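[1] One predicted model, sequence on top.
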Amino acid sequence: MRTVRASASILIALLSMTATPAPAPQQTLWIVQASSLPAARRSVADVGATVDRDLDIINGVSAYLNPWQLERLRRLAGVRLYEDRAVTTRCLLGSVVSTTNTLVSSTNNTLATSPVGTVTSALSPVVSTATTLLSPITSPLVSSLSSGTSTKDGSGVSALTLTYQTNYPMLVGADTLHQAGITGRGVTIAVLDTGLWEDLLQNYGGRVLATLDVTNGGTGPVSGDPYGHGTHVTSIAAGGAQNLGGGYLSIAPQANLIIVRAFNGTGAGRYVDVISGINSIVAAKQKYNIRVLNLSFGAPPHSYYWNDPLNQAVMAAWRAGIVVVTAAGNAGPKPMTIDVPGNVPYVITVGALTDNYTPYNPSDDRLASFSSTGPTYEGFVKPEMVAPGGHMVASMSSSSYLANIDPNSMMPTESLFTMSGSSMAAAVTSGVVALMLQSDPTLTPDNVKCRLLASSRPAVNSSGTLAYSVFQQGAGLVNAVSAVNSSATGCANKGLNISADLAGTEHFGGPANRDKYGNYYIMNMSGSKWGAPLSGDGLKWSTAYPWNQGFYWSQGYTWSSGYTWSSGYTWSSGYTWSSGYTWSSGYTWSSSVPWWTSSGSGTTMTSPASIVTWVPNQ
């Protein structure tokens with residue numbers, strides 16, 4: 001009897017083991033590209049997978065795939081695969097586009113708007129006509145402020161709400177334009193970042209036309225900014241706060257805003273979310289008059305710029321007529337440290353400057369040591385220019401992640417936070433672009449870039465020669481007044497063809513090269529001496545970096561090269577740097593980053609990485 005029972009137990013156990021399904025192969029998130037969106041969807045369906053999201057701005061989709069499905073897709077002609085990658089915000093402490101994800105109208109379903117302003121129609125780009133923050137209650141305080149309470153070099157006022165002065169509008173000349181009525185009115189800036197916390201003192205009111213949270217495949221409105229970075233960046237570019245003297249604390253204080261959240265509560269994100277966000281912004285361009293896109297984030301490049309799907313989305317936005325402003329990165333002062341998507345040759349990539357805590361003394365301003373430096377791996381000069389990015393004071397909630405990990409940089413009584421980074425420099429430049437477009441709405445992205453280049457002020461030393469090379473400072477410090485008044489055309493993106501680039505029929509290289517000693521220089525791009533070093537001040541760089549010295553940023557300096565660094569030539573796979581390096585897809589960069597190809601397995605990046613590169617404010 002015992003034997004029968006034992007045999008039965010063994011049989012039941014064996015049957016249970018047989019009935020238990022084998023564990024499913026591990027799936028990871030991939031971007032699948034094809035000749036069109038329908039073709040990409042069919043490819044995914046053919047291997048038994050399900051489309052996660054449409055990314056038609058790059059003729060692709062995202063999908064969770066197991067190794068077997070990946071192998072089958074790799075065998076299909078015309079299909080390219082990219083494993084999802086992490087991307088992080090850049091700050092330092094101490095053509096057919098999808099309409100699947102639509103922006104949510106701010107007047108219907110988004111953050112609570114400020115009672116200071118009157119909400120306007122979401123379809124109207126007109127700025128709210130609400131009264132300014134200088135109400136009759138606070139106006140008498142202006143006359144009672146003594147000279148001792150005004151902002152001076154190295155310090156700010158901590159008494160009375162909104163008496164703290166931000167100096168970056170003055171450093172780029174935006175304050176002068178404000179007095180002339182040029183405030184960004186009628187121009188919409190899209191900020192793709194960590195969200196937005198609407199401080200009442202920032203007077204956003206009806207200027208926030210719409211919001212969208214795309215994190216983890218979301219399609220709803222933005223409900224805040226748990227990290228804080230997006231709020232900081234947005235208020236630098238287009239916050240509406242004023243000090244007691246009536247001066248604005250931001251660059252384009254009456255610009256309209258579209259807020260897209262694509263990063264989580266620790267400032268981390270992924271390619272799929274960011275591309276989805278850009279997709280939605282381009283789809284909403286006409287509805288909301290979106291003219292500027294601020295991208296204050298980055299990731300190390302893993303491929304040529306044209307093969308990167310995030311870069312492709314950014315290029316599509318530029319082709320659609322949106323001026324894209326990106327952060328250079330915070331990996332300086334080493335050369336060739338420009339982030340994705342800042343390595344896209346068409347867009348405006350911005351490095352960071354610090355006023356050395358003496359905003360009223362321009363002679364000691366300097367390039368921030370963390371500011372990433374060019375050239376790119378394809379030989380383009382980046383950044384194109386620099387803007388204030390050191391110890392930047394801007395809006396942030398005291399309950400945000402950043403405020404809690406660096407409480408010493410928080411001014412809780414005024415909801416202001418101080419931090420540094422090329423993120424902040426990009427936000428300043430986005431604001432300047434909004435001022436330019438209010439003044440002349442007919443400007444194309446290429447002409448906006450051209451006028452910024454032609455009007456920037458490079459740093460010069462006491463002998464009148466350039467203090468930094470073009471690879472470090474580009475054309476120099478952004479100058480809002482000169483950019484608005486400029487009539488320059490045709491000096492940016494010469495020799496490039498963005499439609500051919502996106503179609504894959506042509507790709508482009510830039511004029512930078514490196515000699516056998518490791519020095520970088522600008523090549524002659526024309527005539528019988530093509531490829532030889534071009535003579536001119538600032539066009540060579542031995543990687544020496546005087547980051548601890550201050551210089552004057554001269555408005556009178558004229559670049560002898562005529563902006564040749566903003567041009568390109570058709571890329572050839574046989575192009576050889578003079579140091580002996582020949583470009584090939586098998587090249588592994590000195591930073592030990594594997595080349596990202598459609599045939600490789602990629603680097604596991606589906607789990608977002610947190611920001612860890614903190615440095616003291618500069």
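    In hand now; what should we look at? Residues are numbered from 1 along each chain as shown.
[2] any residues touching the helix or strand harbouring residue 419, and which ones?
    Assigning secondary structure by DSSP states H and E places residue 419 in strand 416-419. Strand 416-419 is contacted from outside by 91-93, 164, 228, 232, 391-396, 400, 402-403, 406, 409-411, 617, using CB atoms under 8 Å, 6 or more residues apart in numbering. Bear in mind the C-beta positions are built from the backbone N, C-alpha and C, glycine included.
[3] if you look at the residues you listed, which of them are in strands?
    392-395, 410-411 (DSSP state E).
[4] Between the residues you listed, which sits nearest residue 195?
    Lowest distance from residue 195 to the ones in strands among the contacts of strand 416-419 (CB to CB) belongs to residue 395, with 12.5 Å.
[5] for that closest one, what are its contacts?
    197, 199, 201-202, 231-232, 234-235, 239, 241, 415-417.
[6] Reformat those residues as TSV; add neighbour count, distance to residue 301 and pLDDT.
    Supplementary listing: the contacts of residue 395 in TSV, determined by neighbours: other CB atoms under 10 Å; distance: CB to CB, whole Å; pLDDT from 0 to 100:
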residue	neighbour count	distance to residue 301	pLDDT
197	25	32	97
199	20	36	94
201	21	39	91
202	27	35	95
231	30	28	97
232	34	25	96
234	31	26	98
235	32	30	97
239	29	32	97
241	27	37	94
415	23	36	92
416	25	34	93
417	27	30	93
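[7] what would those residues look like in a markdown table with distance to residue 320?
    A markdown table is the format used below for those (distance: CB to CB, whole Å):
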| residue | distance to residue 320 |
| --- | --- |
| 197 | 29 |
| 199 | 32 |
| 201 | 34 |
| 202 | 29 |
| 231 | 27 |
| 232 | 27 |
| 234 | 22 |
| 235 | 26 |
| 239 | 27 |
| 241 | 31 |
| 415 | 35 |
| 416 | 35 |
| 417 | 33 |
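[8] just those residues now: which is nearest residue 294?
    Nearest member of the contacts of residue 395 to residue 294, counting by CB to CB, is residue 234, at 8.2 Å.
[9] I'd say the closest one and residue 430 touch.
    No - look at residue 234 against residue 430 with CB atoms under 8 Å: they stay out of range, at 9.6 Å.
[10] Give me the common contacts of the two.
    residue 191.
[11] What is the neighbour count of the residue nearest to residue 375 when sequence neighbours are not counted?
    Of all residues not flanking residue 375 in the chain, residue 512 sits nearest, at 3.5 Å (CB to CB, 6 or more residues apart in numbering). Neighbourhood size, residue 512 [other CB atoms under 10 Å]: 26.
[12] got it, and residue 506?
    If you count neighbours by other CB under 10 Å, residue 506 ends up with 15.
[13] How about residue 41?
    Residues near residue 41, counting by other CB under 10 Å: 18.
[14] helix, strand or coil for it?
    Under DSSP: H, G, I helix; E, B strand; the rest coil, the three-state class of residue 41 is helix.
[15] Please tell me I have it right and it contacts residue 63.
    No - under the criterion of CB under 8 Å, residue 41 makes no contact with residue 63, lying 9.2 Å away.
[16] Please enumerate the shared neighbours of the two.
    Common neighbours of residue 41 and residue 63, counting by CB under 8 Å, 6+ apart, are residue 51.
[17] ok so, going back, please compute how far the helix or strand just after the strand holding residue 419 lies from its chain's middle.
    Counting by DSSP H and E, the element after strand 416-419 in chain order, helix or strand, is helix 422-439. How far helix 422-439 lies from its chain's middle: 12 Å, per CA atoms, centre = their mean, to the nearest Å.
[18] now do stretch 276-295
    Worked out by CA atoms, centre = their mean, stretch 276-295 lies 14 Å from the chain centre.
[19] following the lowest-mean-pLDDT helix or strand in the chain, which helix or strand shows up next?
    None of the helices or strands of the chain scores lower by mean pLDDT, DSSP states H and E than helix 140-144, at a mean of 25. Once helix 140-144 ends, the next helix or strand along the chain (criterion: DSSP H and E) is helix 168-172.
[20] ok, residues contacting that following helix?
    Helix 168-172 has contacts (CB under 8 Å, 6+ apart) with 174-175, 178, 236, 247-251, 355, 359, 365, 387-388, 392, 428, 432, 477-480.
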